[in-house]
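Enquirer: Sequence and predicted model, in that order:
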Number of protein chains: 2
Amino acid sequence: MVKQERAARTRQALIEAAAAVFAEEGFAAASLSTISRQAGVSNGALHFHFASKNALADAVEAQACERLARITATAPARPLPLLQRVIDATHALMDALAADTVLRGAFALACEPTRPRQGSPHTHWQHWLEDILRRAERNGALARGIRAADTARTLTAATVGFAVLGADDPSWLGRTHMTALWNTLLPGLAPRQDLPRLRTTGSHPTPPPPHPHPRP
Amino acid sequence: MVKQERAARTRQALIEAAAAVFAEEGFAAASLSTISRQAGVSNGALHFHFASKNALADAVEAQACERLARITATAPARPLPLLQRVIDATHALMDALAADTVLRGAFALACEPTRPRQGSPHTHWQHWLEDILRRAERNGALARGIRAADTARTLTAATVGFAVLGADDPSWLGRTHMTALWNTLLPGLAPRQDLPRLRTTGSHPTPPPPHPHPRP
């Protein structure tokens, strides 16, 4: 392994260890020596890559935003109704929060009062929701009277809430809870004629639908 | 002022100072000497009343639960449709979070990974939502196919999200954002014939006073 490659691996191990410690202990309580120990590197190596705990947190957030961007980027590429893409992206985000330490660490950082909000994945997420829901509004894919910006804010708040509650009780990150949200939200959100082709469980064939949508 | 009265005042000042510091700096970063200084009492007085930072946090949460209980207790007493009571309680909670340091401090504590979830006001809030929405479901005050438990979870998550996002940007705690949530949610949630008499802005003719919890 060449030197550069080894450095990149060390950096990545530090980001993942930091994310895990931020998620488990919180940013303020997280110690740099716990992070370097968990990454399997020396304190010196940590300080070579990151000048401070804030620099580490910035790196966790930047990487979480990249991962979130991959989730939202795949959504519009699929030949599906716009609202189905939103539903699918919310499920994909919950799956990712359950499985991906970096994303979970970044969402935990967003609760930290001393951290700036700018680099947070919440902001990226809200902007993506606003964009796709505005397109849906223009295309007549939202029910009459429903405003894209309102819906984007509601979904952002609910997602942030799921992430916070899921940090303590992982069932909040499961498909059941997000499907329940869509079962509640969708009947008012989508034009009546679109409801039969929208799946609140997400369009992925794998998980069986725990709450089949009862409305016509 | 008799001794007992003075002790109660000191205790209350400590709870409010602790809540403010938890909300501003986070639980882990909060120092006991900052809290006692902000309460205007000595470190000795703090330790006389509270054995640890966790004991202070427990007291903040207990008092927040009492205040939340007052919000939810007034809601069912009013001669209003059940869903209107839920709408009103969500607005009252946001008003209280904007105005009441103790409630805000307790919601901030709920983000803290090392704190137990049991005493959190979230739990009280979710149970209240479940109860009143089940009553609404039984009384035909929810649209066909809408489940009380799903709606309670969605509203809990959204409220927690509003509180987290509002810690950084207070506009999330304003009536506009919560009204936007209800504008999105209500058309699918309420039976069609009930919609004209439900007000997503809340049934209060004027916004409630900035301090809905007058202290004794």
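Expert: That came through fine. The structure displayed is predicted, hence computed values, not measured ones.
Enquirer: give me the residue from chain A nearest chain B.
Expert: Nearest residue of chain A to chain B (C-beta to the nearest C-beta) works out as A:Gly188 at 2.7 Å. Any C-beta I mention is one placed from the backbone N, CA and C, and that applies to glycine too.
Enquirer: neighbours around that residue, how many?
Expert: Counted with other C-beta atoms under 10 Å in any protein chain shown, residues neighbouring A:Gly188 total 22.
Enquirer: pretty sure it is touching B:Thr184, no?
Expert: Yes: here A:Gly188 lies in contact with B:Thr184, judged by C-beta atoms under 8 Å, at a distance of 6.8 Å.
Enquirer: Common neighbours of those two, please.
Expert: A:Ile146 (C-beta atoms under 8 Å, 6 or more residues apart in numbering or on different chains).
Enquirer: Apart from its chain neighbours, what residue comes closest to the residue of chain A closest to chain B?
Expert: Leaving aside its sequence neighbours, A:Gly188 sits nearest to B:Gly188 (C-beta to C-beta, 6 or more residues apart in numbering or on different chains; 2.7 Å).
Enquirer: Please, which helix or strand holds the one you found?
Expert: Secondary structure assignment for B:Gly188, by DSSP states H and E: helix B:175-189.
Enquirer: In that helix, which residues are buried?
Expert: If you call a residue buried by 16 or more other C-beta atoms under 10 Å in any protein chain shown, then helix B:175-189 has these buried ones: B:175, B:177-189.
Enquirer: now do stretch A:50-65
Expert: Across stretch A:50-65, burial judged by 16+ other C-beta under 10 Å covers A:Phe50, A:Lys53, A:Leu56, A:Ala57, A:Asp58, A:Ala59, A:Val60, A:Glu61, A:Gln63, A:Ala64, A:Cys65.
Enquirer: Same check on stretch A:129-141?
Expert: For stretch A:129-141, a neighbour-count test (16+ other C-beta under 10 Å) marks A:Leu129, A:Glu130, A:Ile132, A:Leu133, A:Arg134, A:Ala136, A:Glu137, A:Ala141 as buried.
Enquirer: need those residues in CSV with secondary structure, can you?
Expert: Output for the buried residues of stretch A:129-141, formatted as CSV (DSSP: H, G, I helix; E, B strand; the rest coil):
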residue, secondary structure
A:Leu129, helix
A:Glu130, helix
A:Ile132, helix
A:Leu133, helix
A:Arg134, helix
A:Ala136, helix
A:Glu137, helix
A:Ala141, coil
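Enquirer: returning to what we had before: can you sort out which of the buried residues of stretch A:50-65 also neighbour chain B?
Expert: For chain B, no contacts are drawn from these by C-beta under 8 Å from any C-beta of the partner chain.
Enquirer: farthest pair in the residues you listed?
Expert: Maximum pairwise distance among the buried residues of stretch A:50-65 (C-beta to C-beta): 18.8 Å, between A:Lys53 and A:Cys65.
Enquirer: before we move on, back to that, what is the nearest of the buried residues of stretch A:129-141 to A:Thr154?
Expert: Comparing these against A:Thr154 with C-beta to C-beta picks out A:Leu129 as the nearest, at 9.3 Å.
Enquirer: what's the pLDDT at that closest one?
Expert: We note a pLDDT of 96 for A:Leu129 in this prediction.
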